[in-house]
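Q: What follows is a predicted structure for the sequence shown.
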Amino acid sequence: MKRIAVMTSGGDCPGMNAAVRAVVRTGLDHGLEVFGIRQGYQGLLNGDFHRLTSFEVSGILQRGGTILQTARNLEFKTPAGQSKGLRRLNEHGIEGLIIVGGDGSLRGGTALHKLGFPVMGIPASIDNDLYGTDMSIGVDTALNTILDSLDRIRDTASSHTRAFIIETMGRNCGYLAMIASIVGGAEIVSVPEREVSMEAIHDSLVDAYVRGKSHAVAVIAEGVSYKTTDLVEYLSQKGDVGFEVRLSILGHIQRGGSPSAFDRLLATRMGVKALQSLLDGQSGMMVCMSGREMDLIPIEKAISQVRPINPNYFDLARILSR
Ligand code: F6P
């Protein structure tokens, strides 16, 4: 193998740049030519390939987002799009591809792998929804961002004797909301994996009020079946919560920012492992964190189900909120 490519795809997250840097520098160390594909699958289909030098990845370790940019692309989901992508890779003499992204992006990688093209995946998504890895890149930084917001919101909630509904990201997976509720000291948490009814949220806020708390916080993952705006409306209509109720949807703030030390190290180790595995002849595999080690799992398995939340966390959240 003489020439490989790396791309970032799907929703961005802090640490993607650290992974790209690790792939490029490890590749160069092995005497490879490394190309960056801009804007994920869209760039792959458009032939947007650029040779990356060590200099080009210098000064990016601490930067959020992705210098390669990213995009959500529909064309590559079709068989015609996939053969066009393979054609572009062949046109540029690329012999292996490393994809840094979430479940949708890695699914595209399996398609190329099945067409016989060597592909390695690196899990990068703040949702932590990829099965088979203890952590994905970006999760730790997003959690710290949420925690910082939650602490600030608690300050003002306390001053005004208010209850806050805080909505976190997490389309199918409530990991961010669950951990944020435990380490941020929320009264109650609702996630797609174990949804809490609006009535139960109401009851827990009332309970916090009658016990004399100066504020209360409910953390809700965006993937639950009701909208947080409807929840706030429901609580206001009840009229007996005690606290004034406010809503804060954290949104894309959670996706930006400089990666934490944990994410920089995780991304670096995953980038190195992906490159070395590609050279070892692996394909169709995702790098995963298993305890203290970097390991591999078939991409198909990693995207076959949503990473489950440790069931103990539900008890922890309940006990510690009292
Ligand atoms: O998958 C990561 C994620 O941030 C989800 O938590 C969220 O639902 C989604 O991406 C938002 O996507 P977009 O940036 O395309 O609106």
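A: Received, thanks. As the structure is a computational prediction, the values presented were derived from the model and not from experiment. Numbers count the residues shown, from 1 in each chain.

Q: Look up how far residue 87 lies from the residue in the stretch 151-300 of the chain that the ligand sits nearest to.
A: Using C-beta to the nearest ligand atom, the closest approach of the stretch 151-300 of the chain to the ligand is made by residue 169 at 3.4 Å. C-beta coordinates here come from the backbone N, C-alpha and C atoms, glycine included. Going from residue 169 to residue 87 by C-beta to C-beta, to the nearest Å gives 35 Å.

Q: give me the element residue 45 is part of.
A: helix 40-46 (DSSP states H and E).

Q: Would you mark the buried spots in the one helix or strand residue 112 maps to?
A: Using DSSP H and E, residue 112 falls within helix 103-114. Buried residues in helix 103-114, counted by 16 or more other C-beta atoms under 10 Å: 103, 104, 105, 106, 107, 108, 109, 110, 111, 112, 113.

Q: Would you mind putting those residues into CSV with distance to the ligand and pLDDT alongside?
A: As requested, these are exported to CSV (distance: C-beta to the nearest ligand atom, whole Å; pLDDT from 0 to 100):
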residue, distance to the ligand, pLDDT
103, 8, 96
104, 8, 95
105, 10, 96
106, 12, 97
107, 13, 96
108, 15, 96
109, 16, 97
110, 18, 97
111, 19, 96
112, 21, 97
113, 22, 98
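
Q: Name the nearest of the residues you listed relative to residue 56.
A: The nearest member of these to residue 56, counting by C-beta to C-beta, is residue 105 at 22.0 Å.

Q: residue contacts, the closest one?
A: By C-beta atoms under 8 Å, 6 or more residues apart in numbering, the residues touching residue 105 are 9, 10, 40, 41, 99, 121.

Q: what's the neighbour count on the residue lying closest to residue 105 once chain neighbours are set aside?
A: In this structure, residue 105 finds its nearest non-sequential neighbour in residue 9, 3.6 Å apart by C-beta to C-beta, 6 or more residues apart in numbering. The tally of other residues near residue 9 (other C-beta atoms under 10 Å) stands at 32.

Q: Next, residue 9: phi, psi?
A: Here the main-chain torsion angles of residue 9 (degrees, to the nearest 10) amount to phi -150, psi 160.

Q: Which one of the buried residues of helix 103-114 is nearest to residue 182?
A: The closest of those, once distances to residue 182 are taken by C-beta to C-beta, is residue 103, at 24.6 Å.

Q: Dump the contacts of residue 105 into a markdown table; add pLDDT and distance to the ligand as well.
A: Converted to a markdown table, the contacts of residue 105 look like this (pLDDT from 0 to 100; distance: C-beta to the nearest ligand atom, whole Å):
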| residue | pLDDT | distance to the ligand |
| --- | --- | --- |
| 9 | 97 | 11 |
| 10 | 95 | 7 |
| 40 | 98 | 12 |
| 41 | 98 | 14 |
| 99 | 98 | 15 |
| 121 | 98 | 15 |
